[in-house]
Every structure is written in C-alpha cells, then in structure tokens.
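> just coords:
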C-alpha cells in the first residue's frame with residue numbers, strides 16, 4: 001500500500017514537473033498570437049503613429065520581440081515623413097513570474113522592454129545616459145490578461161554635447177495597472193526634477209506627480225479622471241540685463257474628468273495654483289474650472305475615429321487641418337441637436353491690486369433638431385451667452401503698459417530708436433490710457449469700484465454689453481462671415 005502511494009505521488013510530481021516544463025513553450029505560441037493582435041489594435045488607435053511587429057523569436061522558456069513605431073518627424077513639411085523608434089522586448093514565459101512589488105506569482109509572462117532610438121538620436125542619448133536605456137519598462141502579465149507595468153528612466157546631470165547648457169534630470173518612474181481584458185487601467189507616476197540651464201537661461205521643473213483611473217466604455221471611449229500636481233516651475237531669461245524675464249509658478253494642480261451620462265458625454269478640467277510670480281510681481285492663489293456638457297458620445301467617437309484615419313493618411317499639415325475642419329462641420333448638426341453647453345466657473349486670481357474674477361456660460365438650444373451650420377441666423381437665435389470679467393484697474397493698466405513698452409523696445413524704426421527708456425515708458429503709459437478711454441467710450445469696458453469690468457449677454461439673437469444693446473457686434477460677426 002505504501003509503495004503504491006509513493007508511486008502515485010511520484011507520478012503526480014513527475015506529471016507536474018513535465019507540465020511546468022512544457023507550459024512555457026505552449027504559452028509562447030499563445031503569447032505571440034496575442035502580441036501580434038494587440039500591436040495591430042494599438043496601431044489602429046495610434047493616430048499618426050504606426051506600430052508593427054518587426055520580429056518575434058520564440059524560445060522554450062523565453063522569447064524576444066521587437067516593436068517598430070513610426071512617428072511623425074518633428075517640423076517635417078509632409079506629415080507622411082516618419083522617424084522609426086524600436087522597443088525591444090525580453091519575454092520570460094509563465095506560468096510563474098517575479099514582480100518587485102508582488103514577489104513570485106502565477107503569470108502568463110514577464111516582459112522587460114527597452115527603448116532603441118534611431119541612429120540620429122543615439123549619440124545624444126549615449127552622452128547623457130551612458131550605457132543605460134533612456135526608457136525601460138518591466139511588465140508582469142497575469143494569467144487572465146491583467147497586467148502590471150513599471151516604467152523607469154535613469155537620472156543624470158551633465159553638460160550638453162557642445163557644452164552650451166547643462167541638463168539635470170532626476171529620472172522618471174511610473175506604474176500602470178491594467179485589469180483583465182485591458183478595459184480598465186490605473187496609473188501613477190513621478191518626475192522629481194528637471195533643470196536645463198546656461199549662464200543666462202534657466203528652465204526647471206520640480207515635484208511632478210500624476211495619477212488617474214480610466215475604464216473603456218462599450219462605445220470605445222475611455223472614461224475616468226486624472227490629476228497632475230507640480231511643486232514648482234521656473235523660467236528665467238537674463239540674456240538682456242536691462243529687461244530680465246522671470247516667471248515662477250508654485251504648487252500647480254491640473255485635473256481632468258470624462259464621464260458618460262446616458263448617451264451624452266461630459267468633459268471637465270481645471271487648474272489651481274498657489275502663486276504666480278513674474279519679475280518679482282507675485283499673484284495667487286488662483287483657479288479655474290471648465291466643463292463641456294451634453295456632447296453626443298456616438299458622434300464624438302465617430303469624429304475621433306475619422307480624425308485618426310485622416311492623420312494616418314498623412315499629407316501637408318495645412319491640408320489635414322482643413323480636412324479636420326470639414327469633418328467637424330459635418331458632425332456639428334448632430335452635436336448641436338443635443339443642446340451642448342460650456343461653462344467656465346470659477347475663474348479667480350488674487351493679486352496685490354485686487355481680485356481678478358470671471359465666468360462664462362455658453363448654451364445652445366438644440367431642441368432635438370439638426371440645424372445646418374450654414375443657417376447662421378437660426379444658430380444665433382438659439383445661442384445664449386453669459387460672460388463676465390473683472391480686473392483691478394491698476395493691474396490692467398500695468399499689463400497694457402508693459403506690453404506696449406516691450407513692443408516699443410523691440411521696434412527698430414528710427415522713431416523708436418530715438419526714444420530713451422524713460423520716454424518709451426511715458427509713451428507706453430499715454431498709449432494705455434488712450435486705449436482704456438476708447439474702450440470705455442465704446443461701452444466695451446466700464447470702471448467701477450477700482451476695477452475694469454465687462455459683462456456680455458446674448459439671447460434670442462440680441463446682444464447686450466454692460467447692460468446696453470450692442471447688436472452691432474452681431475452684425476459685424478455675420479458680415480465677417
């Protein structure tokens with residue numbers, strides 16, 4: 001009896017061993033098939049980029065694959081001009097894989113991916129990153145199709161190849177968690193610091209972090225929300241000692257949301273900051289929030305797909321922009337039919353001179369009817385606008401004076417070159433005062449309680465500006481058409 005039990009146990013262990021040995025090779029066939037199908041799907045969704053499987057070398061316990069990605073060449077005259085980058089995948093077959101955070105776990109495969117740049121980019125990359133890959137990832141793919149992907153870029157602090165500037169990069173890290181079937185994901189990422197500088201210029205970014213969660217709806221739209229936080233960003237230009245330019249933003253937060261409500265889509269986004277400092281003038285805190293409501297989801301999805309098709313076809317950028325414009329005009333009746341609305345509120349910024357406040361509400365009464373974009377009178381009848389802006393008078397004057405002063409400083413005409421710095425500033429002040437006087441005389445601005453204010457209302461095809469009829473603005477708009 002004992003011998004039979006031992007024989008049975010040994011047979012089971014032997015069978016398990018054979019299964020564990022054979023499983024990786026069996027998985028490699030399915031892995032290659034899924035990999036090729038996934039690259040094909042991503043290529044369809046990648047806009048102007050083109051993804052393709054360049055090679056797949058299958059082994060028993062491990063495989064190697066190369067994904068080629070053709071990206072539009074920056075500043076190219078033709079959108080069809082592409083630059084190829086490659087991603088090299090070292091694949092370890094399951095059924096067990098190791099993850100730094102989760103340890104040894106059942107898995108379909110683990111994949112280490114490194115970025116291989118085109119020849120023209122390799123010298124700068126080697127200079128900064130030495131023998132390390134500029135970007136790499138480590139993915140563990142679960143048995144049910146879920147995945148955890150960690151991305152990483154190593155830090156460096158070096159002068160550029162020509163020594164003209166210095167780059168201090170503290171690296172990049174992030175994680176994507178993808179649910180079974182790839183229809184939902186959660187991501188987090190951090191970029192501790194980046195600084196590019198020379199003796200007269202500086203751009204630095206500190207403490208960037210991001211997180212978000214999205215789920216793909218049945219119509220293909222990705223729904224969810226994301227938040228980006230930034231501790232500090234600095235821009236400095238001291239190339240002209242007489243007119244230095246310094247801008248600093250501190251504690252900036254950006255947010256975005258995409259929600260499906262029945263057949264309608266709602267897009268929202270906003271920003272907050274603790275302070276904005278320009279040439280020692282400090283403002284803040286400030287915030288704004290914008291929301292676009294009642295977008296027909298099916299039409300929006302159709303527009304996205306057709307735009308992706310146009311981008312893949314390539315061509316001169318101006319031609320693509322024109323075709324995108326025609327696409328938008330074509331779907332506009334279906335969008336307007338659902339009574340879309342745009343709202344920006346609040347829009348606030350604290351300054352030493354007082355508060356900047358604003359709001360905007362634009363609504364369209366579609367009433368379920370498809371109205372032609374060519375029927376401008378009917379469109380105007382159904383459009384309603386409420387817009388308000390209030391800016392402290394000293395701040396508005398300072399901004400206009402400084403803008404005019406910069407224009408005079410850059411003007412190389414004999415008249416401007418003959419002016420001293422004091423004369424240019426005096427002329428800029430007089431010019432600004434004249435502009436404000438004209439705007440008030442035309443009822444575009446009014447001055448109350450130390451603020452320049454403007455309030456616009458549009459309803460039933462009539463416009464009021466600061467409480468007075470201003471239908472000439474509508475006539476000018478229709479005449480321009």
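Perfect, thanks for sending it. For clarity, every value in this text was computed on a predicted model and none was experimentally measured.
> what's next to the strand or helix carrying residue 206, contact-wise?
Element membership for residue 206, per DSSP states H and E: strand 201-216. For strand 201-216, contacts defined as CB atoms under 8 Å, 6 or more residues apart in numbering pick out 165, 174, 182-197, 222-239, 258. In short, each C-beta sits where N, CA and C put it, glycine included.
> now stretch 146-154
With CB under 8 Å, 6+ apart, stretch 146-154 has contacts from 99-102, 129, 132-141, 169, 171-180, 182, 189.
> All the strands of the stretch 51-200 of the chain, residue numbers only.
Using DSSP state E, counting those that start in this stretch, the strands of the stretch 51-200 of the chain run over 62-72, 82-93, 96-99, 103-106, 109-116, 136-141, 147-153, 156-159, 166-169, 172-178, 184-197.
> TSV for these, including distance to residue 435, mean pLDDT and mean neighbour count?
Formatted as TSV, the strands of the stretch 51-200 of the chain follow (distance: least, CB to CB, whole Å; pLDDT from 0 to 100; neighbours: other CB atoms under 10 Å):
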stretch	distance to residue 435	mean pLDDT	mean neighbour count
strand 62-72	42	85	18
strand 82-93	47	86	18
strand 96-99	63	62	16
strand 103-106	68	68	11
strand 109-116	52	87	19
strand 136-141	54	87	20
strand 147-153	49	90	18
strand 156-159	46	94	13
strand 166-169	43	94	16
strand 172-178	46	92	17
strand 184-197	37	94	16
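> want to throw those strands into JSON lines with distance to residue 124?
Output for these, formatted as JSON lines (distance: least, CB to CB, whole Å):
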{"stretch": "strand 62-72", "distance to residue 124": "17"}
{"stretch": "strand 82-93", "distance to residue 124": "14"}
{"stretch": "strand 96-99", "distance to residue 124": "33"}
{"stretch": "strand 103-106", "distance to residue 124": "38"}
{"stretch": "strand 109-116", "distance to residue 124": "13"}
{"stretch": "strand 136-141", "distance to residue 124": "18"}
{"stretch": "strand 147-153", "distance to residue 124": "14"}
{"stretch": "strand 156-159", "distance to residue 124": "10"}
{"stretch": "strand 166-169", "distance to residue 124": "10"}
{"stretch": "strand 172-178", "distance to residue 124": "17"}
{"stretch": "strand 184-197", "distance to residue 124": "13"}
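> so how many other residues sit close to residue 297?
20 (other CB atoms under 10 Å).
> ok, now how distant is the nearest residue to residue 215 once chain neighbours are set aside from residue 214?
Closest residue to residue 215 apart from its sequence neighbours, by CB to CB, 6 or more residues apart in numbering: residue 184 at 4.3 Å. Distance from residue 184 to residue 214, counting by CB to CB, to the nearest Å: 7 Å.
> how about stretch 332-351: buried residues?
Buried residues in stretch 332-351, counted by 16 or more other CB atoms under 10 Å: 332-345, 347-351.
> So which of the residues you listed are in strands?
With strands taken from DSSP state E, the overlap with these comprises 341, 342, 343, 344, 345, 347, 348, 349, 350, 351.
> pretty sure residue 160 is touching residue 166, no?
Yes - applying CB atoms under 8 Å, one finds residue 160 in contact with residue 166, separated by 7.2 Å.
> Kindly confirm whether my reading is correct that the residue nearest to residue 215 touches residue 145.
No - using CB under 8 Å, residue 184 is not in contact with residue 145; the gap is 11.5 Å.
> For this structure, give me the ranges with low pLDDT.
Along the chain, segments meeting pLDDT under 70 span 1-28, 45-48, 74-80, 96-105, 312, 314-315, 471-481.
> Domain-wise, how is it divided?
Using automatic domain parsing, the domain parsing of the chain gives 22-154, 386-480.
> Distance from the last one to the middle of the chain?
For domain 386-480, the gap between its own C-alpha mean and the chain's C-alpha mean amounts to 32 Å (CA atoms, centre = their mean, to the nearest Å).
> ditto for stretch 297-309
Relative to its chain's centre, stretch 297-309 lies at 18 Å (CA atoms, centre = their mean).
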